[in-house]
Every structure is written in structure tokens, then in C-alpha cells.
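>>> Can you look at this prediction? I've put the sequence above it.
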Amino acid sequence: MKDHRENAILDYLREKKEATVEELSRALFVSEPTIRRDLALLNESGKIIRTHGGAVYRDEPGLNIPLSYREREHSDAKQVIAKKCLNLISDCDTVMVDSSSSALALLKLVGVKKSLIVVTNSAKAALILSENNIKTFVAGGQLQRNSCAFTGSYAEEFLRGFNADICFFSVRTLTRDGKLTDNAIDENGIRRVMIAQSKKSVLMLDSQKISEPCPNTLCRLSDVTYVVSERDISSEFKGYEHKFL
């Protein structure tokens, strides 16, 4: 019965690409706690990507969660985080941003700053910035269809040509022992370069992302300058309280 149910969940996600626990419960006539247990097992086996409140179908190893889903996920928290991060940017700064939905929320606000230069690997970020007439440089490389992001060696080499004042990025989870982890290995490669090329680095973290590790580790809390969340979570990371804004 369990195998049949798991196959039904996979079939549903393969067609819909994403679904909530409530939606799967209704579709399969199974209780929500049962669906949550099934999703946990499917996530452990690498067949799906577990999200807050549901799941996304994984059709490639290391695939990131679709940007369209991430932009809707905890959007209120992203707005609070973006407004806090805006205060860390000064006029005339060179700013690097990754392709995260949190960074996109910030870029919708930066039009109030003067003489910015923004460097990104996100195709969608470039569109947002063009509307605000901000000087923008976009890395080339392989375009990832789920994230609208350029990744790979060409993109990384392009980013190494810039020296930024500050970079903003997000990851899928921050573990209790201070690891920043994500599903997408290629995008973590981009973030490593951004952190290395920036005087200051800022992790934009929805507090609900404090969770178990994803397959790939980007870095540790000690490697970033600040962490910005929608609420105060500093007490949960002893020894790193000074990094949380």
C-alpha cells in the first residue's frame, strides 16, 4: 500500500511539478500526517524536494526548486528581509546578487539608491534592474531553466572580474550547527565566487529555513559577514549572535 501511495504521489508531482500537503491529501484520499511521512521518505531517497508545506518534483539530480515557486513561498518574510538589507547598501556601491527569490525582492527596492552597479547571474534580476535604470552586469554561461540563472565556469570567471562592496544571497537551509546548504550545486559555485569577490557578504534567511541539510554545503556561518532574517533568531546560534541583524 505504501509503495502504491508513493508512486501515486510521484505521478501527481510529475504532472503538476509542485503540490502542497493539503492538495496531495485531497487528491489521494489520505490523511495529511501520512502524506508528510511519505514526502519525508521520498525526499530522503532523492525523488522529490521537500518544501515548507509541500513538495516539488525532482526530475534531475541537483535540481533547484523552481523560481516561480520560491517567489510565492513566504513572500511576506522576504519583503521584511529585503527592506532590512536595503539599509546595508550605500550610494555608489558595487553589489553582487545571486538568483534567489530573496535577492529579487531586494532588487525591486534598490531604485532609491544612487549610482549603483549591480552584478548578477540572474536573468530575471537583469529585467528588474533595467526598469530602474541601474547599471547592471550579467554573467553568461549555462542558463538553468528552473532558476533563470546562469551557472558554470563561464559565469564564475565573469564574476571574478568584479570587486564588490557587498553581496546578497540565500540558500535553502541553515542547519543548527551553522552550515549553509542548498540543492543546487552549480548555484552554490556561483555564490562562493560572489562571497570571495565581496568585502561583505549577507545571507538573506527566512527563519523557516533553519532546517536539516540539503545535499550540498556552501559554507559555514563563520564565512559570512551578516545574516538578515525577518525576526530575531540570533539566540539560536551561540557564538554567532553578532552576525544577525
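Ah, there it is.
>>> can you pull out the helices in this protein?
Using DSSP state H, the helices of the chain run over residues 2-16, 21-28, 32-44, 67-72, 75-86, 101-107, 123-131, 153-159, 185-196.
>>> looking at those helices, which has the lowest confidence?
Mean pLDDT is lowest for helix 67-72 among the helices of the chain, at a mean of 52.
>>> Can you give me the distance of Lys113 to Leu106?
11 Å (C-beta to C-beta, to the nearest Å). In short, each C-beta sits where N, CA and C put it, glycine included.
>>> overlap in contacts of those two?
Leu86 (C-beta atoms under 8 Å, 6 or more residues apart in numbering).
>>> Quick one: the helices of the chain as CSV, columns for distance to Asp206 and mean neighbour count too.
Compiled in CSV, the helices of the chain are given as follows (distance: least, C-beta to C-beta, whole Å; neighbours: other C-beta atoms under 10 Å):
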stretch, distance to Asp206, mean neighbour count
helix 2-16, 23, 14
helix 21-28, 18, 16
helix 32-44, 19, 16
helix 67-72, 10, 17
helix 75-86, 5, 18
helix 101-107, 7, 25
helix 123-131, 19, 17
helix 153-159, 25, 18
helix 185-196, 16, 21
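>>> how about a markdown table for the ones you listed, with distance to Gln142 added?
As requested, these are exported to a markdown table (distance: least, C-beta to C-beta, whole Å):
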| stretch | distance to Gln142 |
| --- | --- |
| helix 2-16 | 24 |
| helix 21-28 | 32 |
| helix 32-44 | 26 |
| helix 67-72 | 16 |
| helix 75-86 | 26 |
| helix 101-107 | 19 |
| helix 123-131 | 12 |
| helix 153-159 | 8 |
| helix 185-196 | 8 |
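>>> wait, which of those helices is closest to Thr225?
Proximity to Thr225 (C-beta to C-beta) singles out helix 185-196 among the helices of the chain, at 9.1 Å.
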